[in-house]
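Enquirer: model the structure of this input:
(4 chains)
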There are 2 protein chains.
Amino acid sequence: MTAKRVSVAQLASSLRDAITRFNRRVRQTRPVGDLTVTQLSALTSLQLAGALSPRELADVERVQPPTMTKIVAKLEERGLVQRTPHPTDGRQVILAATAEGRAILAQHERARDEWLAPRLAALTPEERDTLRRAAEILQKVARA
Amino acid sequence: MTAKRVSVAQLASSLRDAITRFNRRVRQTRPVGDLTVTQLSALTSLQLAGALSPRELADVERVQPPTMTKIVAKLEERGLVQRTPHPTDGRQVILAATAEGRAILAQHERARDEWLAPRLAALTPEERDTLRRAAEILQKVARA
DNA sequence: CACAGTAATTAGCTTAACTAATAAGCCCGG
DNA sequence: CCGGGCTTATTAGTTAAGCTAATTACTGTG
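Expert: Okay, here's the model as predicted:
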């Protein structure tokens, strides 16, 4: 398992292709419990942080504030997120997962990523380790 | 750099999160040369294969046939793809990149993935190797 | 206290995907 | 030899996800 030398341009191309197709495949699976991947990701980040303003959540999720407004609106409709005014700053809003939102997340934890998990389980431990490290690197690149 | 043991469920979750954010970041970049990421990917697959029917191309790209119809329509509008009838099967259509389409691809090869490449160049060789192997694994998983 | 900056939302647009339905053509079995 | 069932492609219509630009509301500072 030695490092094969590959140009950065080739890597960029094959990585982007792989991720595009992988992502399409994941999105093809019916959203579990009526939550889309986007909504689930936002709700998860929110619960991890405890509470965030829309702007902060948008930054974490790497979307623009108006996009987050829509995502939050849908989560609020379903009663999974609560919007409370900021105690001192009248412009801001504080977002937090409701009890129902946390229940949905817990439910997802049990049957996490139904499509993906069995496929990962079919890989070798080395392959899974590669993916684990790749996930960290991708987070870093996306953050940059 | 030993393998850290991580549950499949945790890996599924963090991998999906990383890829979701990474993908958003890539798509935020303005389409190079008027081709979106989706269109570029389809055109590349088409040239790699030489010629394909819409159905075959949809399978390669992991989208549904109607989605491919739209992607191809846009590529045809720009004169990058040609549609010819199948010699024996009147239902089918044969898609192929035009000379102009191949020229655009060659142009992209030179300045491939303008956003991504410099960021990959900033990584260590080991990190790039991890991503290279991860790309293969992701392709395999997406194909399964 | 006016005004410059920040937070959130609204409005309007684009891309990307889906499902369901339709049209057209192939092919096999009686 | 032809009628019904499958396959291919497209059309129609919807939804989600993202963007930018503009608007509203509020803060805080000179």
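Enquirer: in a helix, A:Asp113, correct?
Expert: No - assessed with DSSP: H, G, I helix; E, B strand; the rest coil, A:Asp113 is coil; it does not lie in a helix.
Enquirer: that one contacts B:Leu11, doesn't it?
Expert: No - using CB atoms under 8 Å, A:Asp113 is not in contact with B:Leu11; the gap is 9.0 Å. C-betas here are computed from N, CA, C, even on glycine.
Enquirer: for chain A, which residues are neighbours of DNA strand C?
Expert: A:20, A:24, A:27-28, A:53-56, A:65-66, A:68-70, A:72-73, A:83, A:86, A:89, A:91-93 (CB under 7 Å from any atom of the strand).
Enquirer: which of those fall within strands?
Expert: When those are checked against strands (DSSP state E), the matches are A:83, A:93.
Enquirer: now list the buried members of the residues of chain A next to DNA strand C.
Expert: A:20, A:24, A:27, A:53-54, A:56, A:68, A:72, A:93 (16 or more other CB atoms under 10 Å in any protein chain shown).
Enquirer: of all the helix elements in chain A, which one is longest?
Expert: The helix spanning the most residues in chain A, taking DSSP state H as the definition, is helix A:8-28.
Enquirer: if you count neighbours, what's buried in the helix or strand following that one?
Expert: Per DSSP states H and E, the first helix or strand lying C-terminal to helix A:8-28 is helix A:37-49. Within helix A:37-49, the residues scored as buried using 16+ other CB under 10 Å are A:37-47.
Enquirer: and what of stretch A:76-85?
Expert: A:78, A:80-82.
Enquirer: who touches it?
Expert: Residues from elsewhere that reach stretch A:76-85 (CB atoms under 8 Å, 6 or more residues apart in numbering or on different chains): A:34, A:43, A:46, A:72, A:75, A:92-98, A:100-101, A:104.
Enquirer: with respect to chain B, which of those residues is nearest?
Expert: A:Leu43 (12.0 Å; CB to the nearest CB).
Enquirer: check contacts around the spatially most central residue of chain A.
Expert: The centroid of chain A falls nearest to A:Ser41 when counting by CA atoms, centre = their mean (3.3 Å). Shown in contact with A:Ser41 (CB under 8 Å, 6+ apart): A:61, B:17, B:20-21.
Enquirer: same check on A:Gly50?
Expert: A:Ala96.
Enquirer: which elements pack onto the longest helix of chain A?
Expert: Applying 3 or more CB pairs under 8 Å, 6 or more residues apart in numbering or on different chains; DSSP states H and E, one finds that helix A:8-28 contacts helix B:8-28, helix B:37-49, helix B:116-121, helix B:125-143.
Enquirer: and it, how far out from the chain middle?
Expert: 17 Å (CA atoms, centre = their mean, to the nearest Å).
Enquirer: buried ones in it?
Expert: A:8-9, A:11-27.
Enquirer: report the angle between the helix or strand of chain A with the lowest mean pLDDT and helix A:125-143.
Expert: The weakest-scoring helix or strand in chain A, judged by mean pLDDT, DSSP states H and E, is helix A:8-28 (a mean of 87). Helix A:8-28 and helix A:125-143 are oriented at 100 degrees to each other (axes from the mean of the first three to the mean of the last three CA atoms, to 10 degrees).
Enquirer: which outside residues touch helix A:8-28?
Expert: With CB under 8 Å, 6+ apart, helix A:8-28 has contacts from A:37, A:115-116, B:16, B:19-20, B:22-23, B:26, B:37-38, B:41, B:44, B:61-63, B:109, B:112-113, B:116-117, B:120-121, B:128, B:131-132, B:134-136, B:138-139, B:141-142.
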